[in-house]
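Peer 1: Model the structure of this input:
(chains A, B, C and D)
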2 protein chains.
Amino acid sequence: MTNRVRRTMPLLPISIVMQLTELTARQIRYYEEHELINPARTEGNKRMFSLNDVDVLLEIKDYLDQGLNMAGIRKIFDLGLLTENVKAEPKHISDEELRMLLREQLKHQARPFEQGGFKQSDLSRFFH
Amino acid sequence: MTNRVRRTMPLLPISIVMQLTELTARQIRYYEEHELINPARTEGNKRMFSLNDVDVLLEIKDYLDQGLNMAGIRKIFDLGLLTENVKAEPKHISDEELRMLLREQLKHQARPFEQGGFKQSDLSRFFH
DNA sequence: ATTTGATGTAAGGAAAACTAACGTGAATTT
DNA sequence: AAATTCACGTTAGTTTTCCTTACATCAAAT
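Peer 2: Model (predicted):
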(Lines give C-alpha, C1' and ligand atoms only; values in the text may rest on other atoms or scores of the structure.)
Protein backbone atom coordinates (compact mmCIF):
# COMPACT_ATOMS: atom_id res chain seq x y z
CA MET A 1 0.00 0.00 0.00
CA THR A 2 2.64 2.50 1.00
CA ASN A 3 4.31 1.49 -2.19
CA ARG A 4 1.35 2.50 -4.23
CA VAL A 5 1.29 5.79 -2.40
CA ARG A 6 4.87 6.44 -3.29
CA ARG A 7 4.33 5.61 -6.90
CA THR A 8 1.26 7.76 -7.26
CA MET A 9 2.37 10.76 -5.29
CA PRO A 10 2.51 13.77 -7.63
CA LEU A 11 6.03 15.03 -7.24
CA LEU A 12 7.53 15.94 -10.58
CA PRO A 13 7.06 18.98 -12.79
CA ILE A 14 6.83 18.46 -16.51
CA SER A 15 10.39 19.62 -17.12
CA ILE A 16 11.78 16.75 -15.09
CA VAL A 17 9.47 14.26 -16.71
CA MET A 18 10.73 15.46 -20.06
CA GLN A 19 14.28 14.72 -19.03
CA LEU A 20 13.38 11.37 -17.58
CA THR A 21 11.43 10.20 -20.60
CA GLU A 22 12.97 12.15 -23.46
CA LEU A 23 9.52 13.23 -24.50
CA THR A 24 8.60 16.79 -25.40
CA ALA A 25 6.02 18.73 -23.43
CA ARG A 26 3.84 18.65 -26.50
CA GLN A 27 3.92 14.89 -26.60
CA ILE A 28 3.17 14.51 -22.93
CA ARG A 29 0.21 16.86 -23.16
CA TYR A 30 -1.00 15.10 -26.26
CA TYR A 31 -1.03 11.79 -24.45
CA GLU A 32 -2.98 13.34 -21.67
CA GLU A 33 -5.43 14.74 -24.17
CA HIS A 34 -5.94 11.19 -25.33
CA GLU A 35 -6.41 10.00 -21.81
CA LEU A 36 -3.37 7.79 -21.61
CA ILE A 37 -2.18 9.62 -18.52
CA ASN A 38 -3.91 11.79 -16.03
CA PRO A 39 -1.39 13.82 -14.05
CA ALA A 40 -2.42 15.77 -10.98
CA ARG A 41 -2.64 19.53 -11.09
CA THR A 42 -1.45 22.17 -8.71
CA GLU A 43 -3.80 24.83 -7.52
CA GLY A 44 -2.45 26.93 -10.30
CA ASN A 45 -3.22 24.27 -12.89
CA LYS A 46 0.30 23.06 -13.45
CA ARG A 47 0.72 19.38 -14.17
CA MET A 48 2.48 17.39 -11.48
CA PHE A 49 3.53 13.84 -12.27
CA SER A 50 3.99 10.74 -10.20
CA LEU A 51 6.62 8.10 -10.73
CA ASN A 52 3.85 5.93 -12.00
CA ASP A 53 3.07 8.54 -14.62
CA VAL A 54 6.66 8.43 -15.74
CA ASP A 55 6.42 4.71 -15.94
CA VAL A 56 3.32 4.86 -18.08
CA LEU A 57 4.92 7.44 -20.35
CA LEU A 58 7.88 5.17 -20.94
CA GLU A 59 5.45 2.43 -21.77
CA ILE A 60 3.65 4.66 -24.22
CA LYS A 61 6.94 5.44 -25.87
CA ASP A 62 7.59 1.78 -26.19
CA TYR A 63 4.26 1.04 -27.78
CA LEU A 64 4.61 3.92 -30.17
CA ASP A 65 7.97 2.57 -31.24
CA GLN A 66 6.21 -0.69 -31.88
CA GLY A 67 3.83 1.05 -34.23
CA LEU A 68 0.74 1.32 -32.09
CA ASN A 69 -1.39 4.43 -32.16
CA MET A 70 -3.25 6.24 -29.41
CA ALA A 71 -6.32 4.09 -29.70
CA GLY A 72 -4.31 0.89 -29.56
CA ILE A 73 -2.38 1.96 -26.54
CA ARG A 74 -5.46 3.06 -24.76
CA LYS A 75 -7.11 -0.24 -25.48
CA ILE A 76 -4.21 -2.03 -23.91
CA PHE A 77 -4.31 0.21 -20.90
CA ASP A 78 -8.04 -0.21 -20.54
CA LEU A 79 -7.69 -3.94 -20.64
CA GLY A 80 -5.04 -3.74 -17.98
CA LEU A 81 -7.38 -1.72 -15.87
CA LEU A 82 -10.09 -4.29 -16.07
CA THR A 83 -8.01 -7.25 -15.05
CA GLU A 84 -5.21 -6.17 -12.81
CA ASN A 85 -6.19 -2.94 -11.37
CA VAL A 86 -9.48 -3.69 -9.85
CA LYS A 87 -7.90 -4.60 -6.61
CA ALA A 88 -5.89 -1.44 -6.40
CA GLU A 89 -8.74 0.31 -4.71
CA PRO A 90 -8.17 3.91 -3.83
CA LYS A 91 -7.62 4.60 -0.19
CA HIS A 92 -8.19 7.97 1.28
CA ILE A 93 -5.29 9.37 3.20
CA SER A 94 -4.98 12.85 4.55
CA ASP A 95 -2.02 15.13 4.15
CA GLU A 96 -1.13 14.65 7.74
CA GLU A 97 -1.26 10.90 7.51
CA LEU A 98 0.95 11.04 4.50
CA ARG A 99 3.54 13.13 6.18
CA MET A 100 3.55 10.84 9.15
CA LEU A 101 4.00 7.91 6.87
CA LEU A 102 6.90 9.56 5.20
CA ARG A 103 8.46 10.46 8.47
CA GLU A 104 8.04 7.03 9.87
CA GLN A 105 9.82 5.57 6.96
CA LEU A 106 12.61 7.99 7.43
CA LYS A 107 12.85 7.31 11.12
CA HIS A 108 13.27 3.61 10.76
CA GLN A 109 16.41 4.00 8.83
CA ALA A 110 19.89 4.97 9.68
CA ARG A 111 20.46 8.56 8.87
CA PRO A 112 23.56 9.32 6.90
CA PHE A 113 25.18 11.33 9.64
CA GLU A 114 24.24 9.22 12.57
CA GLN A 115 26.31 6.90 14.66
CA GLY A 116 26.10 3.65 12.82
CA GLY A 117 26.07 4.26 9.26
CA PHE A 118 25.99 5.74 6.01
CA LYS A 119 23.37 3.47 4.71
CA GLN A 120 21.15 3.40 1.79
CA SER A 121 18.68 6.08 1.09
CA ASP A 122 15.72 6.68 3.23
CA LEU A 123 13.70 8.09 0.46
CA SER A 124 15.06 6.06 -2.35
CA ARG A 125 12.25 3.74 -1.55
CA PHE A 126 10.22 6.01 -3.66
CA PHE A 127 11.90 4.20 -6.49
CA HIS A 128 10.96 0.66 -5.83
CA MET B 1 25.76 3.28 -6.67
CA THR B 2 22.47 3.37 -8.47
CA ASN B 3 21.08 4.07 -5.09
CA ARG B 4 23.15 7.14 -4.67
CA VAL B 5 22.03 8.25 -8.05
CA ARG B 6 18.43 7.93 -7.05
CA ARG B 7 18.97 9.86 -3.90
CA THR B 8 20.84 12.69 -5.47
CA MET B 9 18.89 13.10 -8.68
CA PRO B 10 17.35 16.59 -8.63
CA LEU B 11 13.69 15.97 -9.22
CA LEU B 12 11.54 18.07 -6.94
CA PRO B 13 10.57 21.73 -7.06
CA ILE B 14 10.49 23.69 -3.86
CA SER B 15 6.70 23.57 -3.60
CA ILE B 16 6.75 19.80 -3.31
CA VAL B 17 9.57 19.87 -0.82
CA MET B 18 7.56 22.29 1.26
CA GLN B 19 4.68 19.86 1.37
CA LEU B 20 6.91 16.91 2.12
CA THR B 21 8.72 18.65 4.94
CA GLU B 22 6.22 21.21 6.19
CA LEU B 23 8.89 23.86 5.93
CA THR B 24 8.31 27.26 4.37
CA ALA B 25 10.22 28.38 1.32
CA ARG B 26 11.86 30.98 3.48
CA GLN B 27 13.16 28.35 5.84
CA ILE B 28 14.46 26.14 3.09
CA ARG B 29 16.28 29.04 1.46
CA TYR B 30 17.62 30.10 4.81
CA TYR B 31 19.13 26.71 5.39
CA GLU B 32 20.70 26.84 2.00
CA GLU B 33 22.09 30.25 2.80
CA HIS B 34 23.71 28.64 5.80
CA GLU B 35 25.06 25.82 3.69
CA LEU B 36 23.10 23.04 5.26
CA ILE B 37 21.77 22.00 1.89
CA ASN B 38 22.86 22.69 -1.61
CA PRO B 39 20.08 21.95 -4.08
CA ALA B 40 20.70 21.85 -7.79
CA ARG B 41 19.50 24.67 -10.02
CA THR B 42 17.75 24.65 -13.32
CA GLU B 43 19.07 26.68 -16.20
CA GLY B 44 16.66 29.36 -15.08
CA ASN B 45 18.02 29.31 -11.54
CA LYS B 46 15.16 27.50 -9.90
CA ARG B 47 16.07 25.17 -7.07
CA MET B 48 15.54 21.49 -7.77
CA PHE B 49 15.77 19.10 -4.85
CA SER B 50 16.78 15.49 -4.56
CA LEU B 51 15.27 12.97 -2.21
CA ASN B 52 18.45 13.25 -0.26
CA ASP B 53 17.85 16.96 0.14
CA VAL B 54 14.42 16.21 1.56
CA ASP B 55 15.97 13.78 3.94
CA VAL B 56 18.50 16.32 5.12
CA LEU B 57 15.79 18.93 5.57
CA LEU B 58 13.82 16.60 7.78
CA GLU B 59 16.95 16.05 9.77
CA ILE B 60 17.47 19.77 10.12
CA LYS B 61 13.93 20.11 11.38
CA ASP B 62 14.62 17.47 13.93
CA TYR B 63 17.76 19.12 15.17
CA LEU B 64 16.05 22.49 15.37
CA ASP B 65 13.33 20.94 17.46
CA GLN B 66 16.06 19.67 19.72
CA GLY B 67 17.28 23.22 20.21
CA LEU B 68 20.32 23.26 17.95
CA ASN B 69 21.09 26.29 15.89
CA MET B 70 22.51 26.62 12.40
CA ALA B 71 26.09 26.42 13.56
CA GLY B 72 25.43 23.34 15.61
CA ILE B 73 23.68 21.54 12.85
CA ARG B 74 26.36 22.41 10.41
CA LYS B 75 28.98 21.14 12.78
CA ILE B 76 27.21 17.84 12.98
CA PHE B 77 26.91 17.65 9.24
CA ASP B 78 30.53 18.55 8.77
CA LEU B 79 31.59 15.85 11.17
CA GLY B 80 29.47 13.36 9.33
CA LEU B 81 31.03 14.46 6.13
CA LEU B 82 34.52 13.93 7.46
CA THR B 83 34.02 10.42 8.69
CA GLU B 84 31.45 8.68 6.60
CA ASN B 85 30.79 10.79 3.67
CA VAL B 86 34.21 11.01 2.21
CA LYS B 87 33.54 8.09 0.00
CA ALA B 88 30.41 9.64 -1.35
CA GLU B 89 32.38 11.67 -3.81
CA PRO B 90 30.35 13.11 -6.58
CA LYS B 91 30.35 11.05 -9.70
CA HIS B 92 29.47 12.43 -13.00
CA ILE B 93 26.57 10.73 -14.65
CA SER B 94 25.00 11.78 -17.88
CA ASP B 95 21.34 12.26 -18.57
CA GLU B 96 21.40 9.18 -20.72
CA GLU B 97 22.85 7.04 -17.97
CA LEU B 98 20.22 8.33 -15.62
CA ARG B 99 17.43 7.48 -17.96
CA MET B 100 18.73 3.99 -18.50
CA LEU B 101 18.97 3.48 -14.78
CA LEU B 102 15.47 4.67 -14.24
CA ARG B 103 14.17 2.50 -17.00
CA GLU B 104 15.84 -0.53 -15.61
CA GLN B 105 14.30 0.05 -12.26
CA LEU B 106 10.90 0.53 -13.72
CA LYS B 107 11.18 -2.60 -15.79
CA HIS B 108 11.67 -4.74 -12.75
CA GLN B 109 8.36 -3.77 -11.39
CA ALA B 110 4.80 -4.76 -11.70
CA ARG B 111 2.98 -2.09 -13.56
CA PRO B 112 -0.27 -1.25 -11.94
CA PHE B 113 -2.42 0.37 -14.60
CA GLU B 114 -4.13 2.59 -12.18
CA GLN B 115 -4.12 5.62 -14.34
CA GLY B 116 -7.78 5.12 -15.06
CA GLY B 117 -8.88 8.60 -14.53
CA PHE B 118 -11.52 9.36 -12.01
CA LYS B 119 -9.92 7.85 -9.01
CA GLN B 120 -7.72 10.48 -7.59
CA SER B 121 -4.36 9.23 -6.57
CA ASP B 122 -3.85 9.13 -2.88
CA LEU B 123 -1.49 11.99 -2.72
CA SER B 124 -3.02 14.26 -5.23
CA ARG B 125 -4.62 15.99 -2.35
CA PHE B 126 -1.34 17.52 -1.57
CA PHE B 127 -2.74 20.00 -4.06
CA HIS B 128 -5.86 21.40 -2.62
C1' DA C 1 -5.68 14.68 -53.67
C1' DT C 2 -7.53 14.86 -49.11
C1' DT C 3 -7.80 13.65 -44.66
C1' DT C 4 -5.83 12.00 -40.39
C1' DG C 5 -2.48 11.40 -36.77
C1' DA C 6 1.32 12.85 -34.17
C1' DT C 7 3.83 16.33 -33.41
C1' DG C 8 6.32 21.36 -33.95
C1' DT C 9 5.86 26.06 -33.01
C1' DA C 10 4.28 30.68 -31.72
C1' DA C 11 1.55 33.95 -28.92
C1' DG C 12 -0.24 35.63 -24.86
C1' DG C 13 -1.22 34.86 -20.14
C1' DA C 14 -0.73 33.16 -15.45
C1' DA C 15 1.54 30.64 -11.82
C1' DA C 16 5.60 29.60 -9.32
C1' DA C 17 10.03 30.62 -7.96
C1' DC C 18 13.74 34.04 -7.54
C1' DT C 19 16.47 37.86 -5.12
C1' DA C 20 16.70 41.74 -2.22
C1' DA C 21 15.28 44.17 1.45
C1' DC C 22 12.98 45.38 5.45
C1' DG C 23 10.16 43.80 9.65
C1' DT C 24 9.68 41.02 14.01
C1' DG C 25 9.76 38.75 18.34
C1' DA C 26 12.29 35.97 21.42
C1' DA C 27 17.00 35.28 23.24
C1' DT C 28 21.31 36.77 24.24
C1' DT C 29 25.00 40.14 24.96
C1' DT C 30 26.69 44.46 26.39
C1' DA D 1 17.79 48.61 29.67
C1' DA D 2 19.46 48.96 25.16
C1' DA D 3 21.47 46.86 21.48
C1' DT D 4 22.38 42.83 18.82
C1' DT D 5 21.58 38.29 16.94
C1' DC D 6 18.92 34.57 15.23
C1' DA D 7 15.43 32.41 12.63
C1' DC D 8 12.40 33.42 10.37
C1' DG D 9 7.81 36.43 8.05
C1' DT D 10 6.47 39.54 4.52
C1' DT D 11 6.43 42.46 0.56
C1' DA D 12 7.96 44.07 -3.96
C1' DG D 13 9.51 43.54 -8.35
C1' DT D 14 11.35 40.34 -11.72
C1' DT D 15 12.28 36.07 -14.32
C1' DT D 16 11.29 31.41 -15.47
C1' DT D 17 8.27 27.79 -16.23
C1' DC D 18 4.08 26.18 -17.53
C1' DC D 19 -0.47 26.84 -19.39
C1' DT D 20 -4.06 26.95 -23.32
C1' DT D 21 -5.22 27.94 -27.98
C1' DA D 22 -4.37 27.80 -32.53
C1' DC D 23 -2.15 27.28 -36.64
C1' DA D 24 1.73 24.67 -39.34
C1' DT D 25 3.91 20.37 -41.00
C1' DC D 26 4.67 16.09 -42.86
C1' DA D 27 4.22 11.21 -43.44
C1' DA D 28 0.76 7.68 -43.93
C1' DA D 29 -3.76 6.19 -44.90
C1' DT D 30 -7.81 6.82 -47.66
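Peer 1: count of neighbours near A:Arg26?
Peer 2: Residues contacting A:Arg26 under the criterion other Cβ atoms under 10 Å in any protein chain shown number 8. Quick note: C-beta positions are derived from backbone N, CA and C, even for glycine.
Peer 1: And it, how far from A:Ile60?
Peer 2: Distance of A:Arg26 to A:Ile60, computed by Cβ to Cβ, to the nearest Å: 14 Å.
Peer 1: How about the residues of chain A by DNA strand C?
Peer 2: Proximity of chain A to DNA strand C (Cβ under 7 Å from any atom of the strand) is limited to residues A:13, A:24, A:26-27, A:30-31, A:34, A:42-46, A:64, A:69-70.
Peer 1: Closest one to B:Val17 out of those, please.
Peer 2: Nearest to B:Val17 out of the residues of chain A next to DNA strand C is A:Pro13 (Cβ to Cβ; 12.0 Å).
Peer 1: can you pull out the helices in chain A?
Peer 2: Taking DSSP state H, the helices of chain A run over residues A:2-8, A:14-21, A:25-33, A:51-65, A:70-83, A:95-107.
Peer 1: what's the burial count for A:Leu79?
Peer 2: As a burial measure, A:Leu79 scores 11 neighbours (other Cβ under 10 Å).
Peer 1: Could you check how far A:Ile37 is from B:Leu11?
Peer 2: Note on A:Ile37: its distance to B:Leu11, by Cβ to Cβ, is 18 Å.
Peer 1: Low-confidence ranges, chain A, go.
Peer 2: Within chain A, the stretches with pLDDT under 70 are A:1-5, A:81-128.
Peer 1: Which single residue in chain A comes nearest to DNA strand C?
Peer 2: A:Gly44 (1.8 Å; Cβ to the nearest atom of the strand).
Peer 1: count of neighbours near that residue?
Peer 2: Number of residues near A:Gly44 (other Cβ under 10 Å) recorded here: 7.
Peer 1: Just the buried residues of stretch A:7-27, please?
Peer 2: A:7-14, A:16-21, A:23, A:27 (16 or more other Cβ atoms under 10 Å in any protein chain shown).
Peer 1: so which of these also contact DNA strand D?
Peer 2: The residues of the buried residues of stretch A:7-27 that also fall near DNA strand D, by Cβ under 7 Å from any atom of the strand, are A:13-14, A:16.
Peer 1: so can I have CSV of those showing distance to chain B?
Peer 2: As requested, those are arranged in CSV below (distance: Cβ to the nearest Cβ, whole Å):
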residue, distance to chain B
A:Pro13, 5
A:Ile14, 11
A:Ile16, 5
